[in-house]
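1. Coordinates for the following, if possible.
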Amino acid sequence: MKVIFDCTALTKWIGKPTGIQRVISELGISLARAMPETFTVIFDSDGKCYSYSPESKEIGNEIKIDKGDMIFASGHDWDYPEHFKHLCHYAENDVKLAVLFYDIIPLKFPFTYSSEFVARFEFWLNRALSLASLCFTISASTRSDLLEYAKKSNLRIPNIDILRIGDNLPVVKNQVSEQISENIKGSYILSVGTIEYRKNHIILLNAYRYMIDVLGMDVPKLYIAGRQGLYDANVHIQVEGDPLLKGKVEILSGLDDSDLGALYGSAMFTVYPSIYEGWGLPVAESLCYGVPCITSKSSSMLEIAPELTPFANPLMTNEWVDIMRLWIEKPDELAKVRKQVNAQYHKTSWDDTASLLRDSLMKFSHILIN
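-> The predicted structure is shown next:
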């Protein structure tokens, strides 16, 4: 049995791989090392399959997919319905399909997406659940959501394994930009994530307003690092226009891995107040750098490192204020947490993730063979 690792989404992405693209690239490379029978490939518009290198971006010879082979799909195929049709065709003709599910947030929070996107996502989800021989999720929370959805929708309950994704940032040799070199000289708190409603930056702005205006605190700078998303509660307008936040909160966009790594490494601590996640990679990345993180008492964020990350309700500003104030005003307390993080957090490499996937495929080999 060949493992056909689909990298098609990488050819539709411009710039460095981030998010799902990074998962595809890193996991494909690592799985090919862990399982020699793995082929990283792309599909053309006719559904033909060609070898593909995620590292060099080179396209090679056509790869013949035989009955009994397995296609591993880890892309955002809801965005590419014609491509997904080809995968479905293979799955309906004795080729096994394994799918990695990141979350079903568009169905849990449909008001944060367009109605067209929600419909497209739900169609993809139903087809993927119906046709997949094996399913994987990136957290126990997403696994629970997926099982609940399948039950409510009267879909078959699939075999689902959890695949913890790598959390180490790529090693890069680029120099840190001049701007970020200046930014990291002072004391600051960092929040990393797309600027959109679900990431809940508004609670950080309100926490800062409270600490400055009511408590009279001399707060460190807050850097919000992320690209612009949809339905963002006018975060940019608030940051630029509110006198209380002037000089205290700054939005940073378009950062490369060198700049982001420098920001993580020099931060006092990080904050991640997302309302709901499929995983919550910025929490894990922060801990990889030995930097304490306050995160939400919600969904998968409870799984990442529950013994090391204090939790706050994503809807309760006072809970965020209490922990942030403690760490700002009592550096000894923060130092204790930092020491714990450095001593106890176990990083997950992409080779670790690939090993988990390989072991899972072996565990379910009876399903893939039949």
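2. hang on, Ser30 packs against Leu356?
-> No. Counting by Cβ atoms under 8 Å, Ser30 sits too far from Leu356 to count as a contact (10.4 Å). Bear in mind the C-beta positions are built from the backbone N, C-alpha and C, glycine included.
3. Settle it for me: which of those two has more neighbours?
-> Ser30 (21 against 18; other Cβ atoms under 10 Å).
4. any idea which element the closest residue to His76 other than its chain neighbours lies in?
-> Distances taken as Cβ to Cβ, 6 or more residues apart in numbering put Ile20 closest to His76, at 5.2 Å, once the chain neighbours are dropped. Using DSSP states H and E, the element containing Ile20 is helix 19-34.
5. what lines up beside the next helix or strand after that helix in the sheet?
-> Counting by DSSP H and E, the next helix or strand C-terminal to helix 19-34 is strand 38-43. Strand pairing for strand 38-43, determined by DSSP bridges: strand 3-6 (parallel), strand 49-52 (antiparallel).
6. Could you give me the buried positions within the last one?
-> Right, the one you point to is strand 49-52. Across strand 49-52, burial judged by 16 or more other Cβ atoms under 10 Å covers 49, 52.
7. Return the list of strands paired to whichever helix or strand comes after it, each annotated with direction.
-> The helix or strand immediately downstream of strand 49-52 is strand 59-62, counting by DSSP H and E. According to DSSP bridges, strand 59-62 forms sheet pairs with strand 49-52 (antiparallel).
8. avg pLDDT for the partner strand?
-> Strand 49-52 comes out with an average pLDDT of 98.
9. same question, stretch 306-324
-> Mean predicted lDDT for stretch 306-324 stands at 99.
10. Quick one: distance of it to the chain centre.
-> Mean C-alpha position of stretch 306-324 versus that of the full chain (Cα atoms, centre = their mean, to the nearest Å) differs by 21 Å.
11. and Val99, helix, strand or coil?
-> Look at Val99: counting by DSSP: H, G, I helix; E, B strand; the rest coil, its state is strand.
12. how deep is it tucked in, by neighbour count?
-> For Val99, the tally of surrounding residues (other Cβ under 10 Å) stands at 27.
13. most remote residue from the protein's center?
-> The C-alpha centroid of the chain is most remote from Gly216, which lies 35.8 Å away (Cα atoms, centre = their mean).
14. Ile237 versus the residue nearest the centre of the chain, what's the distance?
-> What sits nearest the mean C-alpha location of the chain, by Cα atoms, centre = their mean, is Leu281, with 4.8 Å. Leu281 sits 27 Å away from Ile237, going by Cβ to Cβ, to the nearest Å.
15. Identify the spatial nearest neighbour of Asn269, chain neighbours not counted.
-> No Asn there; residue 269 is Phe. Using Cβ to Cβ, 6+ apart, the nearest residue to Phe269 is Pro292, at 4.4 Å.
16. Return the distance of the helix holding Ile20 from the chain's centre.
-> Mean C-alpha position of helix 19-34 versus that of the full chain (Cα atoms, centre = their mean) differs by 14 Å.
17. Quick one: the helices in the stretch 201-350 of the chain, in order.
-> 201-209, 235-241, 257-266, 281-288, 317-329, 331-344, 350-363 (DSSP state H, counting those that start in this stretch).
18. buried stuff in the first one?
-> Which is helix 201-209. By neighbour count on 16+ other Cβ under 10 Å, the buried set for helix 201-209 is 201-205, 207-209.
19. What separates the first and last residues of stretch 30-44, distance-wise?
-> 23 Å (Cα to Cα, to the nearest Å).
20. who's in contact with it?
-> The contact list for stretch 30-44, computed with Cβ atoms under 8 Å, 6 or more residues apart in numbering, reads 1-8, 10-11, 28-29, 49-54, 59, 63, 72, 83, 86-87, 166, 349-351, 353-355, 357-358, 361.
21. And these, which of them are buried?
-> Using 16+ other Cβ under 10 Å, the buried ones in the contacts of stretch 30-44 are 2-8, 10, 28-29, 49, 52, 54, 63, 72, 83, 86-87, 166, 350-351, 353-355, 357-358, 361.
22. about what we covered before: going by distance to Ser365, which of the buried residues of helix 201-209 wins?
-> Nearest to Ser365, judged by Cβ to Cβ, of those is His201 at 45.1 Å.
23. Could you find the closest non-adjacent residue to the closest one?
-> His201 sits nearest to Val235 (Cβ to Cβ, 6+ apart), 5.0 Å away.
24. Looks like that neighbour contacts Asn206 (just checking).
-> No. Between Val235 and Asn206 there is no contact under Cβ under 8 Å: 11.4 Å.
25. thinking again about what came up before, what values do phi and psi take at the residue farthest from the centre of the chain?
-> Backbone torsions for Gly216, taken as degrees, to the nearest 10, come to phi 70, psi 30.
26. now it: how far from Ser25?
-> Separation of Gly216 from Ser25 (Cβ to Cβ): 48 Å.
27. ditto for Lys339
-> To Ser25, Lys339 is 34 Å away according to Cβ to Cβ.
28. Neighbour count for the two, which is higher?
-> Ranked by neighbour count (other Cβ under 10 Å), Lys339 and Ser25 place Ser25 first, with 22 against 12.
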